[in-house]
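Peer 1: need a structure here:
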Amino acid sequence: MKSSLQGDFSRVPSSRRYSGVQMQQGRVQLDADWNAQGEIVADRAETATADLIGPAGGPHGDAGFALIPRMALAFDGRDDFVNVPHPPVPAAGAGFTFEATVSPRSGGGGGTLLSRMAESRTGERDACQLAVDAQGRLSFLQSGEVAPLASPNPLPAGRFSRVAAAWDGTTTTLYVDGQAVASQPQGHPLAVSPSLFLIGAALLGRKPYQSFDGLIRDVRWWGVARTAAELAGAADRHPPAGAAGLLAWWPCDETDGPVVHDRSGHGHDGQLGAGNPASQPERVLYDLRVGAGRYYVGGVLCEQPHEVPFTAQPDYPGATLPRTPGWYLAYLDVWERFVTAVQDPGLREVALGGATTTTRTRTLAQVKLRPVTDEAELRGDGAALLPPRPQAPRRVRRRE
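Peer 2: All right, here's what the predicted structure looks like:
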C-alpha cells in the first residue's frame, strides 16, 4: 500500500509505535520530524477506521467503485424486434424526434431502428421509419414522401453513434452525434391515434420485418423537435424528470427479463419479440462502469468523484475488459503514489524562482478483474463474463 519515498529526505521515518512528535526550543528542525508526525496521525486514523469498518466497506447510499453493467440489445438482422403494445400518442400538430444510440454490425445489412404505424381518422395509414439502409447510411422515411432522407456517409460499424430524426413543423433533419447530416423540407405531423411501435424492425401489414443487424440502446421518443444543441452529448445524460416533450425513454439496460422498461414515467414498456422467444433480441454487455462514491480498504479512504467507464478509470490508464470467457473476480487494488513537482507542476511555488518545496502522496484505487480458477472463490462477489455470439460484445451475469 505505501509508496516508496524517492524525494530528498534526511531520513525516512521508522515505525516504532510512537504516538507523537514533540518539538524542542532551540533545536534544529528536520523534514523527518514533520514527516514522522504525519505518519503517526495517518496510521492512527487508518487503524481506527479499520477497527470500526472492518477490512473493507463504504457508507450506506454513497459506497463507491460498484461495477455497473452497461447493456444493449443485439438484433440478429432476421426477425428480432421489441414491441411497444401501448405507445404514447403525440399532441396534434406537434413536432417529434426519434433518437437512439446504435452500432451496426460490421458486414451487416443495416435494417430498421425505430418504426411507428398508425391509422388516421380518415382511415389512411400513417407510417414512419428510422433505419440504416443497405449502404450503411442513416435514413428516415414517412408516409407520403417519395424517397427517404438519408445521410451522405455510412455510420461507423462496430461502434456506437447517437442518431436522431427530428421534424420541426416544416423540415426533417437527421443528426449523428449531435451534428446535422441531412435536412430537407418534408414530413408532416404524426397521426393522433392508437399506433404500433417497434424497436429494431419495421412493419409489413401487422408483421415485423427488416430487423436491424447490430446493437441498439437508449431509445428516446420526443413529442417535440430536438435541436442540435440538445442532442449533443445526449448519450451521456439522462433526461431530467418531467422533461418537456419526452413521450418515452427506453434505456435498454435491463440485464434479464422479457421487458424493456420505459423510464420516462409514462409506463410505455416494451416486450422483447412480443413474447416469441425466437424473435427476442439478446441482451449483451458492451461496457462496465465504475460507480461514484467512497470506499475504505484497510482503513484507507478511496474516492471516486464521478461514475466512469471501466476502461477510462482516472487512476488506471490502459484498463481493458477481458476477452476470454469465464468467471472473473472484481477487486479494488489500492496503493499510494509519491508525487513531486515533476508529476504535478502545481506543487512548485513560482515565487521562489523554480525552487522545489514539499512533495505529496496520493491514494490510487484501481478496479481490476482477475480470472477465477478455484470454485471456492465464486462464493464471493464477482461477475461472470460469458461467451457472446459472434461479433457481439461480452454479456454479463451477476452472481449474488
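
Peer 1: how about the helices of the stretch 151-300 of the chain, start to end?
Peer 2: In the stretch 151-300 of the chain, the helices defined using DSSP state H, counting those that start in this stretch lie at 228-231.

Peer 1: residue ranges with poor pLDDT in it?
Peer 2: 233-236 (pLDDT under 70).

Peer 1: show me where it has its strands.
Peer 2: With strands called from DSSP state E, counting those that start in this stretch, the stretch 151-300 of the chain shows them at 161-167, 172-176, 179-184, 195-199, 202-204, 207-209, 213-222, 246-250, 259-260, 270-272, 282-290, 293-297, 300-304.

Peer 1: reformat those as JSON lines; add distance to residue 110 and mean neighbour count.
Peer 2: For glycine as for every other residue, the C-beta is placed from the backbone atoms N, C-alpha and C. Converted to JSON lines, the strands of the stretch 151-300 of the chain look like this (distance: least, C-beta to C-beta, whole Å; neighbours: other C-beta atoms under 10 Å):
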{"stretch": "strand 161-167", "distance to residue 110": "12", "mean neighbour count": "24"}
{"stretch": "strand 172-176", "distance to residue 110": "14", "mean neighbour count": "24"}
{"stretch": "strand 179-184", "distance to residue 110": "16", "mean neighbour count": "15"}
{"stretch": "strand 195-199", "distance to residue 110": "15", "mean neighbour count": "22"}
{"stretch": "strand 202-204", "distance to residue 110": "12", "mean neighbour count": "19"}
{"stretch": "strand 207-209", "distance to residue 110": "13", "mean neighbour count": "17"}
{"stretch": "strand 213-222", "distance to residue 110": "6", "mean neighbour count": "25"}
{"stretch": "strand 246-250", "distance to residue 110": "21", "mean neighbour count": "22"}
{"stretch": "strand 259-260", "distance to residue 110": "21", "mean neighbour count": "18"}
{"stretch": "strand 270-272", "distance to residue 110": "21", "mean neighbour count": "22"}
{"stretch": "strand 282-290", "distance to residue 110": "18", "mean neighbour count": "20"}
{"stretch": "strand 293-297", "distance to residue 110": "41", "mean neighbour count": "20"}
{"stretch": "strand 300-304", "distance to residue 110": "39", "mean neighbour count": "17"}
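
Peer 1: tell me who's in contact with residue 192.
Peer 2: For residue 192, the contact set (C-beta atoms under 8 Å, 6 or more residues apart in numbering) comprises 89, 90, 91, 92.

Peer 1: show me which of the residues you listed is closest to residue 298.
Peer 2: residue 90 (56.3 Å; C-beta to C-beta).

Peer 1: so that closest one makes contact with residue 98?
Peer 2: No: checked against C-beta atoms under 8 Å, the pair residue 90 and residue 98 is beyond contact range at 11.4 Å.

Peer 1: so the strand ranked longest in the chain versus strand 282-290, what angle?
Peer 2: Ranked by residue count and defined by DSSP state E, the top strand of the chain is strand 326-339. In terms of direction (axes from the mean of the first three to the mean of the last three C-alpha atoms, to 10 degrees), strand 326-339 departs from strand 282-290 by 20 degrees.

Peer 1: which other helices and strands does strand 326-339 contact?
Peer 2: Other helices and strands packing on strand 326-339, by 3 or more C-beta pairs under 8 Å, 6 or more residues apart in numbering; DSSP states H and E, are strand 293-297, strand 300-304, strand 360-371, strand 382-386.

Peer 1: switch those strands over to JSON lines; also include distance to residue 321.
Peer 2: As requested, those are arranged in JSON lines below (distance: least, C-beta to C-beta, whole Å):
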{"stretch": "strand 293-297", "distance to residue 321": "21"}
{"stretch": "strand 300-304", "distance to residue 321": "18"}
{"stretch": "strand 360-371", "distance to residue 321": "7"}
{"stretch": "strand 382-386", "distance to residue 321": "8"}
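
Peer 1: which stretches of the stretch 1-150 of the chain form helices?
Peer 2: 31-53.

Peer 1: low pLDDT regions in it?
Peer 2: Residues of the stretch 1-150 of the chain that meet the cut-off, pLDDT under 70, sit at 1-6, 13-15, 120-124.

Peer 1: strands of that one, start to end?
Peer 2: Going by DSSP E, counting those that start in this stretch, the stretch 1-150 of the chain shows strands at 56-57, 67-76, 82-84, 96-104, 111-119, 125-132, 137-142, 149-154.

Peer 1: follow-up on the earlier one: ok, which of the helices and strands packed on strand 326-339 comes nearest residue 107?
Peer 2: Nearest of the helices and strands packed on strand 326-339 (C-beta to C-beta): strand 382-386, 23.4 Å.

Peer 1: mind checking which of the strands of the stretch 1-150 of the chain is nearest residue 324?
Peer 2: strand 67-76 (17.8 Å).

Peer 1: next, count neighbours for residue 131.
Peer 2: Look at residue 131: counted by other C-beta atoms under 10 Å, it has 23 neighbours.

Peer 1: for it, which non-adjacent residue is closest in space?
Peer 2: residue 112 (4.6 Å; C-beta to C-beta, 6 or more residues apart in numbering).

Peer 1: residues in contact with the one you found?
Peer 2: Applying C-beta under 8 Å, 6+ apart, the residues contacting residue 112 are 129, 130, 131, 198, 200, 201, 202, 210, 211, 212.

Peer 1: I'd guessed the fourth one sits against residue 82; true?
Peer 2: Yes: here residue 198 reaches residue 82: they are 6.6 Å apart, a contact under C-beta under 8 Å.

Peer 1: does residue 92 really touch residue 188, like I thought?
Peer 2: No: here residue 92 does not reach residue 188: they are 11.9 Å apart, not a contact under C-beta under 8 Å.

Peer 1: higher neighbour count, these two?
Peer 2: In terms of neighbours (other C-beta under 10 Å), residue 188 is the more surrounded of residue 92 and residue 188; the figures are 16 against 9.
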